[in-house]
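J.: curious how this folds, go ahead:
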Amino acid sequence: MPDTTEKTQVNDTFGVVPGRFWHGLDDGRVQCDLCPRFCKLNEGQRGLCFVRKAQDGGIVLTTYGRSSGYCIDPIEKKPLNHFLPGTPVLSFGTAGCNLACKFCQNWDISKSREVDTLADQAPPERIAAVARELGCRSVAFTYNDPVIFHEYAVDVAHACREAGVKTVAVTAGYVTAEPRTEFFAAMDAANVDLKAFTERFYKKICAGELAPVLETLEYLKHETDVWFELTTLLIPGENDSAEEIDAMTRWVVDRLGPDVPMHFTAFHPDYRMLDKANTPPATLTRARRIALANGVRYAYTGNVHDREGDTTVCPNCSAPLIGRDWYELTHWGLQQGGHCANCGTAIAGVFEQKPGTWGRKRQPVRLSGVSA
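T.: Residues are numbered from 1 along each chain as shown. The predicted structure follows:
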């Protein structure tokens, strides 16, 4: 297996690099060990993610250095409410995904077969330099799951760290133990998509399993310093029952602690789930209230206009600390790097003395047009 301590060697023409996690089988196939799918491939075959391929007796990543596009977003859009609030983040994705969610809201990227999607390209050092040049405090791997472009994401993260830029993984956490360790060692923050709290949902709707995701969450909490938050897209009739949200939030408090922020976001019909209605705002409000009642200190609503559901409140004195209107900050009540200005309680997260001022802007960027 390739030496993981060496920088990835890139074929500049095709973006093909050796994969790091695989082994050969007795029948001549190779097994990809990156995620719990364990795709077993004959020469030339691709895994479900489409971007990892059996080639020359091993597994290669076919999208190294290639992107579906770059955009400067507010960090709150990831969503991360407790990680450098108000700052801009340079966001990008590639193509493909290792889950098959019927409701995918980025399906044009995650289900892409590369050719029409990967319109931009950049080596890791350029991404880090451009992020710094544009004043972005962080780079986010998003739009599709960075787990599947592991080698590229890790190299970008290392380049960003050298440049003083943070990195954020927006992921479903569907990854096996060895690559998980290497991947998150390079990250500063993550938003993990906890899609539901039943194996039925993961199997029926996502063609995956819940258990590996829960393992990733416990790993993040107990074995890393990565700041992470959770997001659950609530789909009417599928994962929005009070009983399921109660079980999920009790598990979070018991196994991850009360300080992990949870975001309950609204579904809209998309991809292969067009028969479901939009999530009613009342469902999000109910989920937030259940979470708070079960001991989650920071619970939010998303994809709807809900100032109360967007506001960070002190868990001790209930003073409003960070007000938000969509992705724009409207109030700042923190002092001393993350303490309630009213009672002095430490608020979980990564904060600075002053918030950023990026606002709700979304600014597409072509790296070829930036001087860095």
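J.: quick one: P315 and R297 touch, right?
T.: Yes - P315 lies in contact with R297 (C-beta atoms under 8 Å); the separation is 4.1 Å. Every residue, glycine included, has its C-beta placed from N, CA and C.
J.: need the overlap of contacts for those two.
T.: P258 (C-beta atoms under 8 Å, 6 or more residues apart in numbering).
J.: low pLDDT regions in this protein?
T.: Where the chain drops to pLDDT under 70, the residues are 1-14, 106-119, 271-272, 368-372.
J.: so which helix or strand takes in the residue positioned nearest the centre of it?
T.: By C-alpha atoms, centre = their mean, the chain has its centre lying nearest to V170, at 1.0 Å. Taking DSSP states H and E as the definition, V170 sits inside strand 166-171.
J.: tell me which strands that strand pairs with, and in which orientation.
T.: Using DSSP bridges, strand 166-171 pairs in its sheet with strand 138-141 (parallel), strand 189-193 (parallel).
J.: let me know the next secondary structure element after it.
T.: Using DSSP H and E, the helix or strand that follows strand 166-171 towards the C-terminus is helix 177-185.
J.: ok, which stretches of the stretch 1-150 of the chain are strands?
T.: 17-18, 22-24, 30-32, 40-41, 52-55, 58-61, 66-67, 69-74, 88-93, 120-121, 138-141 (DSSP state E, counting those that start in this stretch).
J.: show me the contacts for the closest residue to H23 other than its chain neighbours.
T.: Closest residue in space to H23, ignoring its immediate chain neighbours: Q31 at 5.7 Å, by C-beta to C-beta, 6 or more residues apart in numbering. For Q31, the contacting residues are 22-25, 38-41, by C-beta under 8 Å, 6+ apart.
J.: so which of those residues comes closest to H339?
T.: Distance to H339 across the contacts of Q31 (C-beta to C-beta) is lowest for F38, with 46.1 Å.
J.: does that closest one really touch C32, like I thought?
T.: Yes - using C-beta under 8 Å, F38 is in contact with C32, at 6.7 Å.
J.: looking at those two, which one has more neighbours?
T.: The residue with more neighbours, out of F38 and C32, is C32; 26 against 12, by other C-beta atoms under 10 Å.
J.: against Q31, how distant is the closest residue to the more buried one other than its chain neighbours?
T.: Computed as C-beta to C-beta, 6+ apart, the closest residue to C32 that is not its neighbour in sequence is C39, at 4.7 Å. With distances taken as C-beta to C-beta, to the nearest Å, C39 is found 7 Å from Q31.
J.: next: I235.
T.: 33 Å.
J.: contacts only, for the residue nearest to the centre of the chain.
T.: 78, 140-143, 145-146, 190-191, 193.
J.: now the two most distant members of those.
T.: Distance extremes for the contacts of V170: the farthest pair is Y143 and A190 at 14.8 Å, using C-beta to C-beta.
J.: settle it for me: which of those two has more neighbours?
T.: Counted by other C-beta under 10 Å, Y143 and A190 do not tie: A190 has more neighbours, with 28 against 22.
J.: in the sheet, who's paired with the more buried one?
T.: The partner residues for A190, given DSSP bridges, come to A169, F228.
J.: my read is that it contacts F184, right?
T.: Yes - the pair A190 / F184 is scored as a contact, 7.2 Å apart, by C-beta under 8 Å.
J.: shared neighbours of those two, which are they?
T.: 169, 220, 226.
J.: surely the last one touches N191?
T.: Yep, that's V226 we're talking about. No - counting by C-beta under 8 Å, V226 does not reach N191; the two are 10.7 Å apart.
J.: tell me if I am right that K354 is in a strand.
T.: No - using DSSP: H, G, I helix; E, B strand; the rest coil, the assignment for K354 is coil, not a strand.
J.: separation between the closest residue to it other than its chain neighbours and Y298?
T.: The shortest distance from K354 to any non-neighbouring residue, by C-beta to C-beta, 6+ apart, is to W332 (7.6 Å). W332 is 16 Å from Y298, where distance means C-beta to C-beta.
J.: ok, the two, which is more surrounded?
T.: Neighbour count, other C-beta under 10 Å: between W332 and Y298, Y298 has more, with 23 against 17.
J.: now the more buried one: how far from A291?
T.: Here Y298 is placed at a distance of 9 Å from A291 (C-beta to C-beta).
J.: now for those two: what residues contact both?
T.: M262.
J.: wait, what's in contact with the closest residue to L292 other than its chain neighbours?
T.: Closest residue to L292 in three dimensions, ignoring its sequence neighbours and counting by C-beta to C-beta, 6+ apart: A299, at 5.3 Å. Counting by C-beta under 8 Å, 6+ apart, A299 touches 249, 261-264, 287-288, 291-292.
J.: same list, the contacts of V170, but as JSON lines with distance to T345 please.
T.: Listed next are the contacts of V170 as JSON lines, based on distance: C-beta to C-beta, whole Å:
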{"residue": "K78", "distance to T345": "25"}
{"residue": "A140", "distance to T345": "29"}
{"residue": "F141", "distance to T345": "32"}
{"residue": "T142", "distance to T345": "31"}
{"residue": "Y143", "distance to T345": "36"}
{"residue": "D145", "distance to T345": "35"}
{"residue": "P146", "distance to T345": "34"}
{"residue": "A190", "distance to T345": "25"}
{"residue": "N191", "distance to T345": "24"}
{"residue": "D193", "distance to T345": "29"}
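J.: of the residues you listed, which is the nearest to D325?
T.: Nearest to D325 out of the contacts of V170 is K78 (C-beta to C-beta; 17.3 Å).
J.: isn't that closest one right up against F141?
T.: No - checked against C-beta under 8 Å, the pair K78 and F141 is beyond contact range at 10.2 Å.
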